[in-house]
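# have a look; sequence and predicted model below, questions after that.
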Amino acid sequence: MKPCPRDLLTAMFEAAVAAADPLLCVPQHLPTGAKGRLIVVGAGKASARMAQAVEAHWSGPLEGVVVTRYGHAAPCEHIRIIEAAHPVPDAAGEAATLAILDAVSGLTEDDTVLALISGGGSALLTAPAPGITLEEKRAINTALLKSGAHIGEMNIVRKHLSRVKGGGLAAAAYPARVLSLMISDVPGDDPGTIASGPTVGTGTTPGDALALLERYGIHIPDSVRAHLTGNTPPPAADDPRLSRTENRVIAAPQLSLEAAAQVAREAGVTPLILGDAIEGESREVARVMAGIAAQVRRHRQPLPSPCVLISGGETTVTVLGKGRGGRNVEFALALAIALEETRGIHAIACDTDGVDGAEEIAGAIVAPDTLPRAIAAGMNPRAMLDTNDGHSFFENLNDHIVTGPTLTNVNDFRAVMIA
């Protein structure tokens, strides 16, 4: 019996999320040989679930503070969980970050800081550099999100406008030992990019951050320009205060893609992982994926059907309209348009944290009849893509996917199945 494409794609996405569950990947990496206090701190969409895993498997005393996105909390007894805004920081995030900095201050070399870091931490862990206000950081962050800058570029700017990113958290904890457990949501799994690397020294300069703001036409307040020209970089990789810090990536997109591929194999569909670090404008990536799918359909290359093309990474959206959208529904809508005359192709595109953009929607499903149904319902697919209104498009078709917070985050998951 042939698998139902929608059911198979959904099962693959669920397997990708399950492979990155902190309850599975955190326990084996807990510190050993701790002599003094164990202080647990963290930031990110998965950080509360990570804290829950620590409490479930740590036998000694512990304390700490973790900040996560609104709605992503998990019950803990000894670790304080604070919720704050994402993707644009708010006062709750600033207060939580100050509490984290307070928790790691005054420690000794016998103490251990366990830092639980995951995607989303760049917005949630917010302590503006001296002279810069939270509102100025909010404005720059909002502009960057709309600019089309990729995640690495955004995080360079964030590091140089922060007291805590780019190794600032680890420096504040010195001389305590710091073990940072990271769940990667970034292409390439660079620890310095995950949540803007609060425990990783930076190799960029304030001038690099200033150049990026100018390249993307972001308004630069006088206070920000003064800070970036004042030679006040975050800690470098060889900073002595980072000498007792260890960074471990414990879950990453590739592992989730492999878990999804295994689900496909078991269903008799050949998987092909195209990459775990694919970047670019969502609609451009969609056109490329559509071209590969069409090649499979017409010429059985690079492999015959039935097969499924799997990819991860983080695409971007240059916001031009005022629609409701995120990078995954933008990809899905652009893919449906590009596949208009290609039959027998289904697809899924979702964010593994359950939130695509700012909406409580993980992503969407594309089917061969997506465009005909949309047109019959009175929608104009191309016009909705032009206004970045992917959420409305798929919601109207009941082809949106709602998971609620998954409490993990290994970036985007895309699968294109050719029957």
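Okay, I see it.

# with just CA atoms, put the strand or helix carrying residue 170 into PDB.
In this structure, residue 170 sits in helix 168-173 according to DSSP states H and E. Output in PDB follows, covering the C-alpha atoms of helix 168-173 (Å, rounded to 0.1, in the frame of the first residue of the first chain):
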ATOM      1  CA  GLY A 168      29.800  38.000  27.800                       C
ATOM      2  CA  LEU A 169      27.900  35.500  29.900                       C
ATOM      3  CA  ALA A 170      30.900  33.200  30.300                       C
ATOM      4  CA  ALA A 171      33.100  36.200  31.100                       C
ATOM      5  CA  ALA A 172      30.700  37.300  33.800                       C
ATOM      6  CA  ALA A 173      30.800  33.800  35.400                       C
END
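
# which strands and helices lie in contact with whichever helix or strand comes after that helix?
Going down the chain from helix 168-173, the next helix or strand is strand 177-183, by DSSP H and E. In this structure, strand 177-183 makes packing contacts with strand 112-118, helix 168-173, strand 245-251, judged by 3 or more Cβ pairs under 8 Å, 6 or more residues apart in numbering; DSSP states H and E. In this view, the C-beta of every residue, glycine as well, is placed from N, C-alpha and C.

# give me the contacts around the strand ranked longest in the chain.
Taking DSSP state E as the assignment, the strand of the chain that covers the most residues is strand 270-278. For strand 270-278, the surrounding residues in contact (Cβ atoms under 8 Å, 6 or more residues apart in numbering) are 187-188, 252-254, 257-258, 260-262, 264-265, 285, 292, 302-304, 306-313, 315.

# about what we covered before: winner for burial among the helices and strands packed on strand 177-183?
Among those, strand 112-118 has the highest mean neighbour count (mean count of other Cβ atoms under 10 Å), at a mean of 29.

# now do the strands in the stretch 251-400 of the chain.
Applying DSSP state E, counting those that start in this stretch to the stretch 251-400 of the chain gives strands spanning 270-278, 307-313, 345-351, 363-366, 400-401.

# any chance of the ones you listed in JSON lines with mean pLDDT and mean neighbour count as columns?
Formatted as JSON lines, the strands of the stretch 251-400 of the chain follow (pLDDT from 0 to 100; neighbours: other Cβ atoms under 10 Å):
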{"stretch": "strand 270-278", "mean pLDDT": "96", "mean neighbour count": "18"}
{"stretch": "strand 307-313", "mean pLDDT": "97", "mean neighbour count": "24"}
{"stretch": "strand 345-351", "mean pLDDT": "97", "mean neighbour count": "28"}
{"stretch": "strand 363-366", "mean pLDDT": "98", "mean neighbour count": "28"}
{"stretch": "strand 400-401", "mean pLDDT": "96", "mean neighbour count": "22"}
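
# between those, which one is nearest to residue 377?
Closest to residue 377 of the strands of the stretch 251-400 of the chain is strand 400-401 (Cβ to Cβ; 14.0 Å).

# what pairs with that closest one, parallel or antiparallel?
Paired neighbours of strand 400-401 in the sheet (DSSP bridges): strand 363-366 (antiparallel).

# first to last residue in stretch 318-337, what's the distance?
Using Cα to Cα, to the nearest Å, the span of stretch 318-337 from its first residue to its last is 18 Å.

# stretch 105-123 too?
Distance between the two ends of stretch 105-123: 22 Å, counting by Cα to Cα.

# distance from the chain centre to that stretch, please.
Using Cα atoms, centre = their mean, to the nearest Å, the mean C-alpha position of stretch 105-123 is found 19 Å from that of the whole chain.

# I'd like the numbering to begin with 56 instead of 1 from here.
OK, 56 is where the count begins now, so the last one is stretch 160-178.

# can I get the helices and strands packed on strand 232-238 in JSON lines including distance to residue 66 and mean pLDDT?
Output for those, formatted as JSON lines (distance: least, Cβ to Cβ, whole Å; pLDDT from 0 to 100):
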{"stretch": "strand 167-173", "distance to residue 66": "24", "mean pLDDT": "98"}
{"stretch": "helix 223-228", "distance to residue 66": "38", "mean pLDDT": "98"}
{"stretch": "strand 300-306", "distance to residue 66": "20", "mean pLDDT": "97"}
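
# possible to save these as TSV with distance to residue 212?
Below are the helices and strands packed on strand 232-238 laid out as TSV (distance: least, Cβ to Cβ, whole Å):
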stretch	distance to residue 212
strand 167-173	19
helix 223-228	15
strand 300-306	21
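
# indicate which one of those is closest to residue 462.
Proximity to residue 462 (Cβ to Cβ) singles out strand 167-173 among the helices and strands packed on strand 232-238, at 9.5 Å.

# tell me the angle that closest one makes with strand 232-238.
20 degrees (axes from the mean of the first three to the mean of the last three Cα atoms, to 10 degrees).

# just after strand 167-173, pick out the following helix or strand.
Next along the chain after strand 167-173, taking DSSP H and E as the criterion, comes helix 176-179.

# check which element follows that next one along the chain.
helix 189-202.

# for the following helix or strand past that following helix, packing partners?
Going down the chain from helix 189-202, the next helix or strand is helix 206-215, by DSSP H and E. Judged by 3+ Cβ pairs under 8 Å, 6+ apart, the packing partners of helix 206-215 are helix 176-179, helix 189-202, helix 261-270.
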